[in-house]
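*Asks:* give me a model of this one.
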Amino acid sequence: MLPLAPAGADDLCTYKQWRWNVARKSAVQLASVAKPRSRLTAAEVDVATGCTVCREDQETVQLPGLAPFAVCKRIAARVRGALLAIQSQGVPLRQVVGYRVGLTRGALDAAGNRTGFSHHSYGIALDINPEHNGLYTDCERFGVHCRLLRGGPWRPGRDPLSLPADGSAVRALAAIGLRWGGNLAGRQKDFMHFSPGGD
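*Replies:* Next comes the predicted model:
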């Protein structure tokens, strides 16, 4: 794996993180981290992409009509190109969320906090129009029985900001290796979310 930045005296990794507490259903243990890259743990580096949790390894993406967001420098050009193509096809993008460091996956510690970094933590995941493409549970197959956990209701065909399963956003992001969370197997469907595994 190649380093994203040359080694040197200023070869520092900084980021702000938090943990998701399952019992409280809230973010806890907000912390700022600053350390030399040589001290990064395996958990702080995504094996598949080489992207890290370091703010220094993220690039800000600015697109027409959207607030700036950050993604890993290694995928920034592809993400920018795909989203510009989506916009040119008339897909309305109101909000894109990329890099944010949180321990929201994996096993629980003794206090009920998650211990694994999300794909967003490495800058390799996007949430698109979250207030119109929610995260649902109890949702093996989408229907009225699905329970909305976060974001807004997913109403493709009725809400132009909801992303249809066969739409150009899903296809364009799949072409650059970001799978859609609306195709997750199991109880959860995350209609806003795109990442290498879709989860």
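*Asks:* got the buried residues for the helix or strand hosting residue 82?
*Replies:* Secondary structure assigned from DSSP states H and E places residue 82 in helix 73-88. Using 16 or more other C-beta atoms under 10 Å as the test for burial, helix 73-88 gives 74, 75, 76, 79, 82, 83, 85, 86, 87. (Each C-beta comes from the backbone N, C-alpha and C, glycine too.)
*Asks:* ok, then the element right after that helix?
*Replies:* Moving toward the C-terminus from helix 73-88, the next helix or strand (DSSP H and E) is strand 96-97.
*Asks:* chain center to the helix or strand that comes right after that next one: distance?
*Replies:* As assigned by DSSP H and E, the chain's next helix or strand after strand 96-97 is strand 103-108. Strand 103-108 has its C-alpha centroid displaced from the chain centroid by 15 Å (C-alpha atoms, centre = their mean, to the nearest Å).
*Asks:* where does the chain dip in pLDDT?
*Replies:* Within the chain, the stretches with pLDDT under 70 are 1-10, 198.
*Asks:* please enumerate the strands of it.
*Replies:* Ranges of strands within the chain are 12-21, 26-36, 58-61, 69-72, 96-97, 103-108, 114-117, 126-128, 135-137, 147-150, 179-180, 189-190, 193-195, based on DSSP state E.
*Asks:* turn these into CSV, including mean neighbour count.
*Replies:* Formatted as CSV, the strands of the chain follow (neighbours: other C-beta atoms under 10 Å):
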stretch, mean neighbour count
strand 12-21, 18
strand 26-36, 12
strand 58-61, 18
strand 69-72, 22
strand 96-97, 19
strand 103-108, 15
strand 114-117, 17
strand 126-128, 24
strand 135-137, 20
strand 147-150, 12
strand 179-180, 20
strand 189-190, 26
strand 193-195, 25
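*Asks:* could I get those as a markdown table with distance to residue 165?
*Replies:* As requested, those are exported to a markdown table (distance: least, C-beta to C-beta, whole Å):
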| stretch | distance to residue 165 |
| --- | --- |
| strand 12-21 | 27 |
| strand 26-36 | 30 |
| strand 58-61 | 25 |
| strand 69-72 | 23 |
| strand 96-97 | 19 |
| strand 103-108 | 24 |
| strand 114-117 | 28 |
| strand 126-128 | 14 |
| strand 135-137 | 14 |
| strand 147-150 | 18 |
| strand 179-180 | 8 |
| strand 189-190 | 10 |
| strand 193-195 | 13 |
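*Asks:* got CSV for the buried residues of helix 73-88, with distance to residue 146 too?
*Replies:* What follows is the buried residues of helix 73-88, written out as CSV (distance: C-beta to C-beta, whole Å):
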residue, distance to residue 146
74, 34
75, 30
76, 33
79, 28
82, 28
83, 27
85, 30
86, 25
87, 29
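*Asks:* perfect, I'm done here.
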